[in-house]
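In: give me a model of this one.
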Amino acid sequence: MPGGENFARLNSLMRNHRLHTVCEEARCPNMAECWNSGTATFMILGETCTRSCGFCAVKTGRPLALDLNEPYRVADAIRIMNIRHVVITSVNRDELPDGGATIFGETIRQARLVNPEITIEVLIPDFRGAGWALDLIIDTKPDILNHNTETVPRLYKIVRPQAKYERSLDLLKRAKKKGMVTKSGLMLGLGERVDEVVGVMNDLRKVKCDILTLGQYLQPSKDHLPVDRYVHPDEFQLLKKRALEMGFRHVESGPLVRSSYHAGDHLTKPQAGQADPSHDEDCKAKF
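Out: Below you'll find the model as predicted:
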């Protein structure tokens with residue numbers, strides 16, 4: 001359970017600044033670890049999402065009006081927290097023509113203005129494929145641009161019913177062509193096959209995605225999709241090895257990994273894939 005002196009301080013800071021974090025809204029299992037190290041992932045554009053993904057604990061409904069002062073409060077919270085790498089994400093705002101990209105861009109600009117030494121990662125929605133909205137984000141030059149594919153194409157209708165697999169790949173491809181360091185992630189344990197996961201990894205490398213995260217899906221409530229299986233840690237390590245062999249420069253892979261986990265490490269030197277003879281032969285056979 002979350003706890004600790006620094007956790008309590010940051011919790012108070014978020015409430016006083018009327019801010020939201022994906023750590024809380026998505027019930028991240030790493031919240032205590034990250035908050036006690038002085039980091040958090042800010043979730044902008046409110047706390048209500050216009051989409052109804054089968055895995056996500058963020059509430060769905062009709063969002064409130066945009067808060068035009070939110071970018072300034074996020075920048076001030078980053079200053080108070082004194083962090084060096086910040087992750088900024090958002091709910092989907094499909095009712096807005098730009099999907100909220102203007103506020104996203106302003107948040108990045110204000111964060112840099114107040115905290116010129118920080119590095120910034122953004123975890124963005126797909127903006128319904130609007131390239132001009134994506135460009136509003138790219139023009140602010142975040143250090144990492146993250147957009148999660150979440151699962152394999154076969155499961156999109158039940159996992160991400162309002163999203164499109166090819167749209168997500170096109171977003172990452174466009175961002176890479178414009179010079180971004182790109183990142184994406186998948187949840188395992190929703191009913192996907194290992195060969196399908198490897199297929200998504202191949203697709204991500206075809207659009208030159210740089211960074212990959214793989215984690216275990218955990219059912220946030222009885223109303224969400226059930227867990228199909230719990231993936232063994234050895235399998236996560238084998239997938240990491242395979243991903244590094246494909247050319248991803250950094251891979252986080254493990255049961256409790258989430259897209260923002262150890263995010264500050266993703267700008268450091270590339271990892272090297274190494275074989276581990278301790279892995280089960282049965283697990284190796286899947287690859």
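In: ranges for the helices of the protein?
Out: Assigned by DSSP state H, the chain shows helices spanning 5-16, 22-25, 31-36, 70-81, 101-114, 131-138, 156-159, 165-177, 194-206, 233-246, 281-285.
In: buried deepest among these, which one?
Out: Scoring the helices of the chain by mean neighbour count under mean count of other Cβ atoms under 10 Å gives helix 22-25 as the most buried, with a mean of 22. To be clear about C-beta, it is placed using only N, CA and C from the backbone, and glycine gets the same treatment.
In: for stretch 71-81, give the mean pLDDT please.
Out: Stretch 71-81 carries an average pLDDT of 89.
In: no wait, stretch 250-261
Out: Regarding stretch 250-261, the rounded mean pLDDT is 87.
In: ok, now stretch 134-144?
Out: Rounded mean pLDDT across stretch 134-144 is 96.
In: name the residues that touch it?
Out: Residues from elsewhere that reach stretch 134-144 (Cβ atoms under 8 Å, 6 or more residues apart in numbering): 98, 101-102, 104-105, 108-109, 112, 119-122, 124, 127, 145, 171, 174-175, 178, 180-183, 211, 263, 266-267.
In: returning to that earlier point: out of the helices of the chain, nearest to Met187?
Out: When the helices of the chain are compared for distance to Met187 using Cβ to Cβ, the nearest one is helix 156-159, at 8.1 Å.
In: and the closest one, how far from the chain's centre?
Out: 18 Å (Cα atoms, centre = their mean, to the nearest Å).
In: nearest to Ser221, out of the helices of the chain?
Out: Here helix 22-25 is closest among these (Cβ to Cβ), at 12.9 Å.
In: show the average pLDDT along the closest one.
Out: Here the average pLDDT along helix 22-25 is 52.
In: also stretch 54-61?
Out: Throughout stretch 54-61, pLDDT has a mean value of 85.
In: measure that stretch end to end?
Out: 14 Å (Cα to Cα, to the nearest Å).
In: what residues does it touch?
Out: With Cβ under 8 Å, 6+ apart as the criterion, stretch 54-61 contacts 22, 25-27, 43, 47-52, 91, 150, 158-161, 187, 190, 217, 220-221, 224-225.
In: is there a quick PyMOL command that grabs whichever of these are buried?
Out: Remark: buried members of the contacts of stretch 54-61, expressed as a PyMOL selection using 16 or more other Cβ atoms under 10 Å:
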select buried, resi 22+25+26+43+47+48+49+50+51+91+150+159+160+187+190+217+225
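In: quick one: which of the contacts of stretch 54-61 sit in strands?
Out: Of the positions in the contacts of stretch 54-61, Met43, Met187 sit in strands, assigned by DSSP state E.
In: I'd assumed Tyr72 was in contact with Gln110.
Out: Yes: the pair Gln110 / Tyr72 is scored as a contact, 5.6 Å apart, by Cβ atoms under 8 Å.
In: so what pLDDT did Thr149 get?
Out: Taking Thr149 on its own, its pLDDT is 97.
In: now do Ala8
Out: pLDDT at Ala8 comes out at 63.
In: now swap in Ser278 and tell me
Out: pLDDT for Ser278: 45.
In: also Val86?
Out: pLDDT at Val86 comes out at 88.
In: and the gap between it and Ile144?
Out: From Val86 across to Ile144, the span is 11 Å (Cβ to Cβ, to the nearest Å).
In: on that earlier part again, need the helices of the chain in a markdown table with distance to Gly61, can you?
Out: Formatted as a markdown table, these follow (distance: least, Cβ to Cβ, whole Å):
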| stretch | distance to Gly61 |
| --- | --- |
| helix 5-16 | 21 |
| helix 22-25 | 13 |
| helix 31-36 | 23 |
| helix 70-81 | 19 |
| helix 101-114 | 19 |
| helix 131-138 | 22 |
| helix 156-159 | 20 |
| helix 165-177 | 23 |
| helix 194-206 | 30 |
| helix 233-246 | 34 |
| helix 281-285 | 42 |
